[in-house]
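[1] sequence plus predicted model, see below.
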Amino acid sequence: MRIYYDLHIHTALSPCGDDDMTPNNIVNMASLCELDVIAITDHNAAHNVAAVAAVAAKAELVVIPGMEVETSEEVHMICLFSKTTVCEDFCATVKSRMAEIKNRPEIFGRQLLFNAADDILGEYGDLLLAPTDIGAYELVGLVEDIGGICYPAHIDRASNSVISNLGIFPDDLGVGLVEFSLRADPEKFFADNNRLFGKKYPYVQSSDAHRLVDIPERSRFLEFDRKPDAEAFIGRLRGF
């Protein structure tokens, strides 16, 4: 069966995310778009994952706990986990590897914390749009060591991608897949940039949604024998 996914969605915790990216709004939009699996991947944090997962459970929508971590090279990497508790523990690790720079909402945007009723619990104080001191190679290892999966985000983009920032795709990075933007043509990208790759990588395509209208109607899918939970979906990503 086809399982339709979007593995890169931000809540309003990400300062660049719209304030209406609340748990209920995200789940309702994903349901309207007939998606089966989504991943919540805020910048360097996971504080709204549990609220989204609680809402999604009532809608029979699978939520994969995750984060979009910015490495010391300013490369964005998707980190996904099968359990919210593991993701939240990793979030604490990431926080310990970031500089304590206070957010300025008037410049960068608010960083909103929600419960499952979309009540605003507060605002996260430190700026999340900043690199950690975790290098890309170290990050892959840290995530793998606790049972997660880590791969480069939006490799087709001209900023904060592994290619734009490193100038080449390091084939010894230890990742088994990559992410493309929804509008990218992955086959053409590999063909046009074959000198940058030692091999052609399996890939997923996700929205990087910061607004509700960015969440796509069902288009990208993976094949499963039955509807997967988060652990089974991550296992499928490992099996590319």
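    Here it is on my side, so go on.

[2] hey, where'd the strands end up in this structure?
    Ranges of strands in the chain, per DSSP state E, are 2-9, 37-43, 62-70, 76-80, 112-114, 120-123, 149-152, 178-181, 203-206, 221-223.

[3] tell me the helices and strands packed up against the second one.
    In this case it means strand 37-43. strand 2-9, helix 23-32, helix 49-58, strand 62-70, strand 76-80 (3 or more CB pairs under 8 Å, 6 or more residues apart in numbering; DSSP states H and E). In this view, the C-beta of every residue, glycine as well, is placed from N, C-alpha and C.

[4] how about a cut-off of 6 Å?
    On a contact count with 3 or more CB pairs under 6 Å, 6 or more residues apart in numbering; DSSP states H and E, strand 37-43 meets strand 2-9, strand 62-70.

[5] can you redo those as TSV with mean pLDDT and mean neighbour count?
    Shown next, in TSV, are these (pLDDT from 0 to 100; neighbours: other CB atoms under 10 Å):
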stretch	mean pLDDT	mean neighbour count
strand 2-9	98	23
strand 62-70	98	26
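
[6] for these, which one sits closest to residue 176?
    For residue 176, the closest of the helices and strands packed on strand 37-43 is strand 2-9, at 14.2 Å, according to CB to CB.

[7] who touches the closest one?
    Contact partners of strand 2-9, identified using CB atoms under 6 Å, 6 or more residues apart in numbering, comprise 35-41, 204, 206-209, 218, 221-222, 224.

[8] of all those residues, which two lie farthest apart?
    Greatest spatial distance among the contacts of strand 2-9 (CB to CB): 208 and 224, at 23.7 Å.

[9] the more surrounded of these two?
    A side-by-side neighbour count of residue 208 and residue 224, using other CB atoms under 10 Å, places residue 208 first with 20 against 15.

[10] how much space between the nearest residue to the more buried one once chain neighbours are set aside and residue 138?
    Leaving aside its sequence neighbours, residue 208 sits nearest to residue 8 (CB to CB, 6 or more residues apart in numbering; 4.7 Å). Residue 8 is 22 Å from residue 138, where distance means CB to CB, to the nearest Å.

[11] same check on residue 168?
    19 Å.

[12] I'd say residue 91 and residue 46 touch.
    Yes: using CB atoms under 6 Å, residue 91 is in contact with residue 46, at 4.1 Å.

[13] of those two, who's got more company?
    Higher neighbour count among residue 91 and residue 46: residue 46, with 26 against 21, using other CB under 10 Å.

[14] show me which helix runs longest in the protein.
    Across the chain, the longest stretch assigned as helix under DSSP state H is helix 84-96.
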